[in-house]
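Enquirer: Curious how this folds, go ahead:
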Amino acid sequence: MRTAHLKLSLNEEGDHLPQLLASKFSRSFHLSSAIIIMPYAVDEEMESVTSKKSQCTNLSNQSSSGGGSESGEFGATRPVHNAPTVGKREETRVLRARCLVALILLLAASGVASAANLLVQQQERKEFENKFEAYATEILTTSRSKASQLFDALDSFASSIGAQAAAEHAFHNTSWPFYRIPNWSVQAQKLAQLTGVDDPIVAVAPIVHEDERDQWNTFAEEQNPIWYEESIEHEGYTDFTVEQLLQRTIPFVHFYDPEDSYRPVPVPRPGEVLPYFQAYPAGLFSGLTIMITNVDILLASQQTEELYNVTKIARSPTLGFTRLRLLNELEVPGSQIMQPIYDGPDTEAEDRKMVAVIRVRLHWLDYFKNLLAEGEDGIVVVLESACPKVDEDLYQDLEDQFGLGDDAFSGIQDHTKSDRNIITYQVDGPNAVILGETDLHDRKYDALVVSEVFVDLHIDQSHLPEGSCVPVLTLHVYPSAELEEEFHTDNATIYTVVVIAIFVFTSLVFLFYDYSVGRRQRTVMDRIVKQDRIVSDVFPTAIRDRLYENQAKHTMKGNNAEADDGFLGLDENFYDRSSATGSAPLADLFPSVTVVFADLAGFTAWSSAREPHQVFILLETLYGAFDKLAYRHSVFKVETVGDCYVAAAGLPEPTDDHAVVACRFARDCLKKMKDVTVRLEVSLGPDTSDLDLRTGIHR
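Expert: Just a heads-up that it's a prediction; the model follows:
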């Protein structure tokens, strides 16, 4: 192994010097091997000289770590250390994970809040539907029971009157139609109480044949004072007398002729007539200028005649819709029921003869009162008939024409037919009101309707004339928004807010935890970045990477705590651990390299006459310039010992022209030496430029 010590001077052929030196080395020296072992520590004797240099070098590197590269003092370019690639990649992953967790929390909060809100609303809806169904069942059951009780009472009342008439016939040889019901007001009041409504109107109309009309007129004139007096006494009227009622009574069977200014005229048509006879309450007619006694009900309205025909053929009670004015002057939609009376107590006999009818006018409104408790409001009941109802009836017409009203009497038969057959009620606790004579329920509750047949008289329609109506009443019960609102609470909102609050609190905890972890990670990352910079300054990339790999392997073996104790695991026990674990120091064989030795000629004498800081400035400036040249030529700086600078070409990345590279590096160092000493001569003394650089190249 040979070493050439050359003192090179620059001349006009300086650019070709590396090639000449390389060719000489190729001829003069045989190929030798060099083993480079990376040092792990600095000689203690040199620390006092080079520590400040290393600190300034590190500060220079840190100040330029913002990214990219920086231009050196002499125009050279040096690398700038950024954060490790792994750290950046992990930061990106952590950021993505944070966004993902935040998105998951947001979606989870929205989903759970929506689910809680929906579940509470569904629970409230279910409670509302169950409660409504209970209300509807109670209304339908009670109403149908009352209707059944009504028709049972009518049947019993008709049978009782028939039996009384039969008994009277046996003792006094009286027969229909010339029969006055004794104690009429008492018996009719009992029937009225069984109907289940307030202020029903009950009247009896016997069937009078054409040949019996004159005899009937005489009979009615004799009997009217008797039942008038009984009614006034029983019902307790004091504002009118029997004589006043008799003065308003027409003494023959009649109707009000619309073609003759509605004067009462005898019924002109042949056949049977049904004159009003006894009625309850008698005070209903006290306000009229003309009593309706002896008025033929068959001419009162077309519906009444149709009901009578159905009753006579089907031998069953019938009903139809109409309007009626109550005693308190309120006009309400209602129904009229026609119940047949037979000439004997046996109502089931096939040969029984219908001798009279009981006409009951009532409104169904009272059937829906006192069914629910106070506060149970908002139930809509739609009463629907299979037959059309009547708008006007005799009572209203007479009230308008002869009573307290001022409207002109517009005719009876002209306004009796209507296609409206629906009445809508609303039940609010124990009270009920009529909403109108059409279906007024809220259509959004159609799916919740509870329907049931209210009244079905089971009349065989096949026995009726064509066009006749079979009266069937049906109840449809609906809830309303008012009822639903009673079951609408703030629970859905409260639960939603609570769920959102829980997720907000969870998110805040997560953010706090993330901030704490992030701060710890940033501290660790800063430490790693600083360590990476130091390692990058001290070792080549290949050696640095191998140090990291060894450290990773050491950590995987369970020595995490030890790995964190020292710089890259190089603490005071590193060598002991290496020996114990069998780890070998990092050492590679490079068979083809060129080593450059450079020292300062005259440095000892020069430095003995200078202050320490002046020595430091010279070495720092000079070696910094050499470092930049080494980086430019891809030459590896081995070490500096005092005024000696050692570098090698061909490692750690092998190259075939390592000798040429080393020569070029040595040449540029000679040039840089001159430039630096001349520039520093002003600040370091006049003999600074006398310093010279000796280089030695070993291959």
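Enquirer: And the average pLDDT for stretch 191-198 is what?
Expert: Mean pLDDT, computed over stretch 191-198, is 85.
Enquirer: what's the spacing between that stretch and its chain's center?
Expert: 52 Å (Cα atoms, centre = their mean, to the nearest Å).
Enquirer: Show residues contacting that stretch.
Expert: If you take Cβ atoms under 8 Å, 6 or more residues apart in numbering as the criterion, stretch 191-198 is touched by 146-147, 149-150, 153-154, 157, 200, 202, 280, 360, 362-367. Where C-beta positions appear, they are placed from N, C-alpha and C, glycine not excepted.
Enquirer: Stretch 361-369 too?
Expert: For stretch 361-369, the external contacting residues (Cβ under 8 Å, 6+ apart) are 139, 142-143, 146-147, 195-198, 200-201, 322, 324, 326, 332-337, 381, 383, 393, 395, 423, 425, 427, 430-434.
Enquirer: Same check on stretch 145-153?
Expert: 191, 194-196, 317, 337, 367, 454-455, 457, 473.
Enquirer: list the contacts for the spatially most central residue of the chain?
Expert: Nearest residue to the geometric centre of the chain (Cα atoms, centre = their mean): Ser114, 4.3 Å. Ser114 is in contact with Thr496, counting by Cβ under 8 Å, 6+ apart.
Enquirer: in which helix or strand would I find it?
Expert: helix 85-172 (DSSP states H and E).
Enquirer: returning to that earlier point: looking at the contacts of stretch 145-153, which are in strands?
Expert: Counted as lying in strands by DSSP state E, out of the contacts of stretch 145-153, are 337, 454-455, 473.
Enquirer: thinking again about what came up before, now the buried members of the contacts of stretch 361-369.
Expert: 139, 142-143, 146-147, 195-197, 200-201, 322, 324, 326, 333-337, 381, 383, 393, 395, 423, 425, 427, 432, 434 (16 or more other Cβ atoms under 10 Å).
Enquirer: Doesn't Pro654 belong to a strand?
Expert: No - according to DSSP: H, G, I helix; E, B strand; the rest coil, Pro654 belongs to no strand; its state is coil.
Enquirer: Give me the phi and psi for it.
Expert: phi -60, psi 140 (degrees, to the nearest 10).
Enquirer: and what of the one 4 residues further on?
Expert: Backbone dihedrals for His658, given as degrees, to the nearest 10, come out at phi -60, psi -30.
Enquirer: Look up how far Tyr631 lies from it.
Expert: 16 Å (Cβ to Cβ, to the nearest Å).
Enquirer: Looking at these two now, which is surrounded by more residues?
Expert: Using other Cβ atoms under 10 Å, the more surrounded residue of His658 and Tyr631 is His658, with 23 against 16.
Enquirer: how near is the more buried one to His458?
Expert: 121 Å.
Enquirer: what does Gln614 give?
Expert: 131 Å.
Enquirer: about what we covered before: Provide a ChimeraX selection command restricted to the buried entries of the contacts of stretch 191-198.
Expert: Here is the ChimeraX command that picks out the buried ones among the contacts of stretch 191-198, judged by 16+ other Cβ under 10 Å:
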select :146,147,150,153,154,157,200,202,280,360,362,363,364,365,366,367
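Enquirer: Need the pLDDT of His209.
Expert: pLDDT at His209 comes out at 92.
Enquirer: That one contacts Pro275, correct?
Expert: No - in this structure, His209 is not within contact of Pro275 by Cβ atoms under 8 Å, at 11.9 Å.
Enquirer: Comparing these two, which residue is more hemmed in?
Expert: Set His209 next to Pro275 and count neighbours by other Cβ under 10 Å: Pro275 wins out with 26 against 12.
Enquirer: Show me what the more buried one is bridged to.
Expert: Asp296 (DSSP bridges).
Enquirer: right, and Met673 touches Leu693 too?
Expert: Yes - with contact defined as Cβ under 8 Å, Met673 counts as touching Leu693 (4.1 Å).
Enquirer: more crowded one of those two?
Expert: Leu693 (24 against 20).
Enquirer: Can you show me the CA trace of stretch 144-152 as CSV?
Expert: Extracted C-alpha coordinates of stretch 144-152, given in CSV (Å, rounded to 0.1, in the frame of the first residue of the first chain):
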residue,chain,number,x,y,z
ARG,A,144,-125.5,0.6,19.4
SER,A,145,-126.8,-0.6,22.8
LYS,A,146,-128.8,2.6,23.1
ALA,A,147,-130.2,2.2,19.6
SER,A,148,-131.2,-1.4,20.3
GLN,A,149,-132.8,-0.3,23.5
LEU,A,150,-134.7,2.4,21.6
PHE,A,151,-136.3,-0.1,19.2
ASP,A,152,-137.0,-2.5,21.9
